[in-house]
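Participant: Have a look; sequence and predicted model below, questions after that.
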Amino acid sequence: MVRVAIVGCSNLGRMHAKNYLQLPDAEVVAYCDLLDEPRAIMKKEVFDPAGVEPQAFDDFDRMVKDVQPDAVSLVLPHSLHYPFCMKCLNAGLHVLCEKPLVTETGHAVDLLAKAKETKRILEISFQSVYTANFQYMRDAIRKGDAGDIVYVHGHQYQGWLTNLAKKPEKKWRLKKDISGGGQLYDSGSHLLNGMLWATGLKPARVYAEIDNRTEEVDVCSSLSIRFDNGAVGSIAISGETWQPGMVSRLIITGTKLEFTLHHSGQDLKVYGPTGEVTPEVPENRTPQANFVNAILGKEEPLCPVEYGLTLAKFMDAVYESADQQKPVDIPV
Ligand SMILES: NC(=O)c1ccc[n+]([C@@H]2O[C@H](COP(=O)([O-])OP(=O)(O)OC[C@H]3O[C@@H](n4cnc5c(N)ncnc54)[C@H](O)[C@@H]3O)[C@@H](O)[C@H]2O)c1
């Protein structure tokens, strides 16, 4: 049995808790939030209906000392991911961290080294890549069924600024010192990680046009990418359109198959030279199920810390390119 604690009790923290409660090999033993209200909602909406009574805390260090969990789900603002992951690994805890793992390459390098040193699992909760459709697509690409990947395109747009204006508690996303970046690191990271995770390609060069509008962080971005295998890619992301929901499409084209789906993993279509192909997809998983199984040695972690390093290197180059207004090479 893996004894898990949840840190950060927002609606997403509650989803982590609900997913653990479905698992026969996991027990939620504690939850922590600085604020009373999210803790109270967590108890009322998640734990009371399930008939369980994990211990509540407003202080992470005290929780770890008193409860000594095996593993922690971190659902915190971005700049807290690095220090809290470090604390957890140093305390011998496995970590499932919300996306993005970090917002600078040096932090990802440190965390990768610390996870190896402590032999703990550090996994990123990019839930899209745990879906059946993303797993199918990655496996098809790895097996060579798609041929060589030659072209990747993604777009994503929504009324991100409009939505944030209605939710003051989420507005830390517009403060660079807390978020580390804007729409690219927020919902955009699902699209970017999905592209890199599924294709297995490494970006070798990027040219970025970024407009912060009147904010501290990126709101609208256009990226032109060259991958290590010579494939080209383009990404367009906007956080200032009118749609309350997220409009998104990722297209990955190989010499034999083309895949297209929403960055969340929904609505997969596969095409070959003779028309649409009906894919045989595996089962959907949750990040929490894979994390617990990985701790128990039953599965490999699907989105380990290495993907945080790949994304951070890419994102550092994206911001550098936008600042310098020229293409930037990305060290492998
Ligand atoms: N995977 C997804 O689809 C998805 C969706 C939403 C958010 N997220 C990610 O989840 C993370 C949190 O985002 P959110 O929207 O839930 O943020 P939020 O601000 O709504 O919630 C964060 C919670 O953490 C608590 N907190 C802050 N500092 C703390 C500390 N030191 N100790 C304990 N609790 C603390 C806050 O009180 C708050 O309740 C971010 O990484 C975000 O990108 C992912």
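Facilitator: Structure's in. What do you need?
Participant: Mind checking what secondary structure Lys114 has?
Facilitator: Secondary structure, DSSP: H, G, I helix; E, B strand; the rest coil: Lys114 is helix.
Participant: which residues does it contact?
Facilitator: The contact partners of Lys114, taken as CB atoms under 8 Å, 6 or more residues apart in numbering, are 85-86, 89-90, 122. For the C-beta atoms, the positions are set from N, CA and C on the backbone; glycine is no exception.
Participant: Now the buried members of these.
Facilitator: The neighbour-count test (16 or more other CB atoms under 10 Å) marks 85, 89, 122 as buried among those.
Participant: nearest to the ligand, of those residues?
Facilitator: Nearest to the ligand out of the buried ones among the contacts of Lys114 is Cys85 (CB to the nearest ligand atom; 11.6 Å).
Participant: does the closest one really touch Glu123, like I thought?
Facilitator: No. Taking contacts as CB atoms under 8 Å, Cys85 lies outside contact range of Glu123: 10.6 Å.
Participant: Show me whatever sits in contact with both of the two.
Facilitator: When contacts are counted by CB under 8 Å, 6+ apart, the set common to Cys85 and Glu123 consists of 95, 97.
Participant: if I look at Ile308, how far off is Ala108?
Facilitator: Wrong residue type there; residue 308 is Gly, not Ile. Using CB to CB, to the nearest Å, one gets 5 Å for the distance from Gly308 to Ala108.
Participant: Please identify which of these two sits among more neighbours.
Facilitator: Gly308 (31 against 25; other CB atoms under 10 Å).
Participant: Now for that one: which residues touch it?
Facilitator: Neighbours of Gly308 in contact, by CB under 8 Å, 6+ apart: 100-102, 108, 111-112, 124.
Participant: three-state assignment of it?
Facilitator: Using three-state DSSP, the structure places Gly308 in helix.
Participant: pLDDT score for the residue nearest to it when sequence neighbours are not counted?
Facilitator: Excluding the flanking residues, the one nearest Gly308 by CB to CB, 6 or more residues apart in numbering is Leu101, at 3.0 Å. Leu101 is assigned 98 on the pLDDT scale.
Participant: Burial check on Asp59, number of neighbours?
Facilitator: A total of 11 residues lie near Asp59 under the criterion other CB under 10 Å.
Participant: State the phi and psi torsions of it.
Facilitator: phi -140, psi 120 (degrees, to the nearest 10).
Participant: That one - nearest residue in space that isn't next to it in sequence?
Facilitator: Using CB to CB, 6+ apart, the closest residue to Asp59 is Cys32 (7.1 Å).
Participant: and the one you found, what pLDDT?
Facilitator: 98.
Participant: so what's it bridging to?
Facilitator: Per DSSP bridges, the residues bridged to Cys32 are Val7, Phe57.
Participant: Could you verify my assumption that it touches Gly13?
Facilitator: No. In this structure Cys32 lies outside contact range of Gly13 using CB under 8 Å: 9.3 Å.
Participant: where do the contact lists of these two overlap?
Facilitator: 6-7.
Participant: if we look at the ligand, which of the contacts of Lys114 are close to it?
Facilitator: Contacts with the ligand within the contacts of Lys114, counted by CB under 6 Å from any ligand atom: none were found.
Participant: Excluding chain neighbours, give the residue nearest to Asp329 in space.
Facilitator: Nearest residue to Asp329 in three dimensions, chain neighbours excluded: Arg205, at 5.2 Å (CB to CB, 6+ apart).
Participant: Close to the ligand: what parts of the stretch 151-300 of the chain are there?
Facilitator: Those residues of the stretch 151-300 of the chain that sit near the ligand, judged by CB under 6 Å from any ligand atom, are 169-170, 186.
Participant: Do me a favour and get the end-to-end distance for stretch 316-332?
Facilitator: With CA to CA, to the nearest Å as the measure, stretch 316-332 spans 13 Å from end to end.
Participant: wait, what's in contact with the residue in the stretch 51-200 of the chain positioned nearest to the ligand?
Facilitator: Nearest residue of the stretch 51-200 of the chain to the ligand, counting by CB to the nearest ligand atom: Glu98, 3.7 Å away. Applying CB under 8 Å, 6+ apart to Glu98 gives the contacts 8, 12, 73-76, 81, 124-125.
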